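Q: have a look; sequence and predicted model below, questions after that.
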Amino acid sequence: MKKITLLFVLIISSVLYAQTPGGESAITTIDATIPYQGFGEPSALLGSGEYKIFYDNVDGVLDKPIIFVDGFDPNDSRDIDSMYSLLDYGNSNENLGDIVRDEGYDLIVLNFPEEYLSPTDGTTLIRGGADFIQRNAYILVELINTINQDKVMDAEQNVVIGPSMGGLISRYALTYMESQTLDHDTRLYISFDSPHQGAHVPIGIQYLFNYMVNGDPGISEAEPLVSGLLNSAAAKQMLIDHYLAHVDGSGYNQAAITHTPIGAPNFRDAFQTELDGMGFPQDSRNVSITNGSGSGQMTGTPGTELINHTFDTGAADVPPFGTVNTRAIITVNFAPLASQSIVVTDFIGQAEIIIPGNWVTGFSYNASAESTASSDGLDNAPGGQFDLFSFDDGTNPIITEFVQNLNEQYFDFIPTLSGLAISSEPNWYATPDINDSPFDNTYIPVINEPHVTLTDGNVAFALAEIRGETLGITDNSLINFEIKLQQNPVEDQITILSEGVYHESLISIFDMTGKQVFKETITLNNRTSIPINLSLGVYVLDIQTKEGGKYKSKIIVN
């Protein structure tokens, strides 16, 4: 009877959950069952999201779930289908989603709508893609519970991938579930360039756009950049330095307080304290991919002039002179070197009065920034880069002119140390020590890359983790034989760090077919760099010392 019952259950399960291989579900709304009350809100509110299942291309059965969680997106510029397309990578435009689906994995994409009415009362408007991180995390909790209920018997444990803010949402949700003894049934959590120690937008840019909107110019076209981006709940939780911490009652003039980086009052410190107190999920393997350099490469130079341009702001009525020509002279600088102070924003509004060429200043504004003694300004630190050119979507001529006159294209958005959740290092420019990171494994590129950019290297790393092919030490058999790689992935050289000197050490590298592609006998002496010339891909590094020490590690060549 038990065998018959089990057979019946298996048949029913396959009927209920089997889909055409490669099929897709409809977009489904998912409402959280746990409310959250953010700062300034009169009551706790439930959040709501939407998800879609892209079934695998093998059997169409929900049995190997990978949950892909959207990040900061206040305007919902990434709907679910475009999130899928963002998984394209490489010159051949391969797609990570297509690859995992061909291997039998089911991809579930979770999106947070631009705005919706809370399921709590049906009247309170919530901006999903920029909402409080905790409330979005509770939506993910509900999705994980739903997927765990719907996947077939004997299905694999989940994989959760969180790019950018999605990595914080994922971390919070998984850790919260463990704290409440809820089984998330997740074996792997991948954080992709996520701001575990905060995100960054240059304070000079923040001051400028805030003054343009709320100061004398009153340029309403720039208002979405202030209210929708900088002043959203999520931005105030994540930004390490926020203009609201520095202004007085006017809302734009600097207050007589320190100008070193400070987060938004009531948001930043409270969130970081809560996140640090929760820690990381303990029942999953936690790995991090960053887009920030692990070799200390900077994004520009501290104190650099980002823009210095005179904008023709058109004709305006200036009593008693009537209609006159106006212009705005704008200068923005990156934050300065450690312990230094610099004017980061300077705005002068002028009108041409009576005589051509007689420009009279009608209003002016400037704001300064100071760097701490322990670190140069964050604008240029190693990290996943924000592309300033992306500000221009072609709809606002002022923004277009601003972008066209920038002297730099990128700034540090997610510092490398933040992506690795390293909290012990106060110098944002320091070369990261992976031993200080709480992650079980990390991928750190040699050079800075645009934020949440998929590359051949980090995709190979992610696939190895998803498949269970851990990129790490597999053999370290000699007592007191301490050795590690300074950097992984690598480019044109491998740097080996050792505590002692090991003569006549055999260094071998094999490709994934087992073919030996490098062999050399050298002396390892504390820090040893070995030139290599290998194609992009994953390899196995094998080290054997004359004393009998053995070391193996998979390496990624970028």
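A: Now that the structure is in, tell me what you want to look at.
Q: going by C-alpha atoms from here, please, whenever you check contacts or count neighbours.
A: OK.
Q: contacting residues around whichever helix in the chain runs longest?
A: In the chain, with assignment by DSSP state H, the single longest helix is helix 133-150. With contacts defined as CA atoms under 8 Å, 6 or more residues apart in numbering, helix 133-150 is touched by 17, 30-36, 46-49, 62, 65, 110, 112, 128, 165, 168-170, 172-174, 177, 184-185, 234, 237.
Q: next: stretch 27-45.
A: The contact list for stretch 27-45 (CA under 8 Å, 6+ apart) reads 46-53, 118-120, 132, 134-135, 138-143, 266-267.
Q: one more time with 7 Å, if that's ok
A: 46-52, 118, 120, 132, 135, 138-139, 142-143 (CA atoms under 7 Å, 6 or more residues apart in numbering).
Q: list buried residues within the contacts of helix 133-150.
A: Burial by neighbour count, 16 or more other CA atoms under 10 Å: within the contacts of helix 133-150 this picks out 30-33, 35-36, 46-49, 62, 65, 110, 112, 128, 165, 168-170, 172-174, 177, 184-185, 234, 237.
Q: take those and keep only those in strands.
A: If you go by DSSP state E, the buried ones among the contacts of helix 133-150 have 30-31, 48-49, 65, 110 in strands.
Q: show me the two of those residues that sit farthest apart.
A: Farthest apart among these by CA to CA are 48 and 65. That separation is 20.8 Å.
Q: quick check, residue 505 in a helix?
A: No: using DSSP: H, G, I helix; E, B strand; the rest coil, the assignment for residue 505 is strand, not a helix.
Q: what sits against the closest residue to it other than its chain neighbours?
A: Excluding the flanking residues, the one nearest residue 505 by CA to CA, 6 or more residues apart in numbering is residue 545, at 4.2 Å. Residue 545 makes contact with 502, 504-506 under the criterion CA under 7 Å, 6+ apart.
Q: what about the helices in the stretch 251-400 of the chain?
A: Here the stretch 251-400 of the chain has its helices, by DSSP state H, counting those that start in this stretch, at 268-278, 397-404.
Q: hey, least reliable of those helices by pLDDT?
A: With a mean of 88, helix 397-404 has the lowest mean pLDDT of the helices of the stretch 251-400 of the chain.
Q: could you point out which element follows that one?
A: For helix 397-404, the following helix or strand on the C-terminal side (DSSP states H and E) is strand 410-415.
Q: and that following strand, what does it pack onto?
A: Applying 3 or more CA pairs under 7 Å, 6 or more residues apart in numbering; DSSP states H and E, we find strand 410-415 packed against strand 383-387.
Q: name the helices or strands packed onto the strand it packs on?
A: Judged by 3+ CA pairs under 7 Å, 6+ apart, the packing partners of strand 383-387 are strand 410-415.
Q: residue 55 reaches residue 107, doesn't it?
A: Yes: between residue 55 and residue 107 there is a contact under CA atoms under 7 Å: 6.4 Å.
Q: neighbour-wise, which of those two wins?
A: Legend: neighbour count by other CA atoms under 10 Å for residue 55 and residue 107, higher for residue 55 (28 against 25).
Q: which non-adjacent residue is nearest the more buried one?
A: Once flanking residues are discounted, residue 55 sits nearest to residue 106: 4.7 Å by CA to CA, 6+ apart.
Q: residue contacts, that neighbour?
A: Contacts of residue 106 (CA under 7 Å, 6+ apart): 53-56, 62, 64-66.
Q: in a markdown table, list these along with pLDDT.
A: Converted to a markdown table, the contacts of residue 106 look like this (pLDDT from 0 to 100):
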| residue | pLDDT |
| --- | --- |
| 53 | 98 |
| 54 | 97 |
| 55 | 97 |
| 56 | 96 |
| 62 | 97 |
| 64 | 97 |
| 65 | 98 |
| 66 | 98 |
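Q: just the buried positions in stretch 88-103, please.
A: Buried positions in stretch 88-103, judged by neighbour count with 16+ other CA under 10 Å: 88-89, 95-98, 100-102.
Q: other residues contacting it?
A: Contacts with stretch 88-103, where a contact means CA under 7 Å, 6+ apart, come from 55-58, 84, 87, 107, 454-456.
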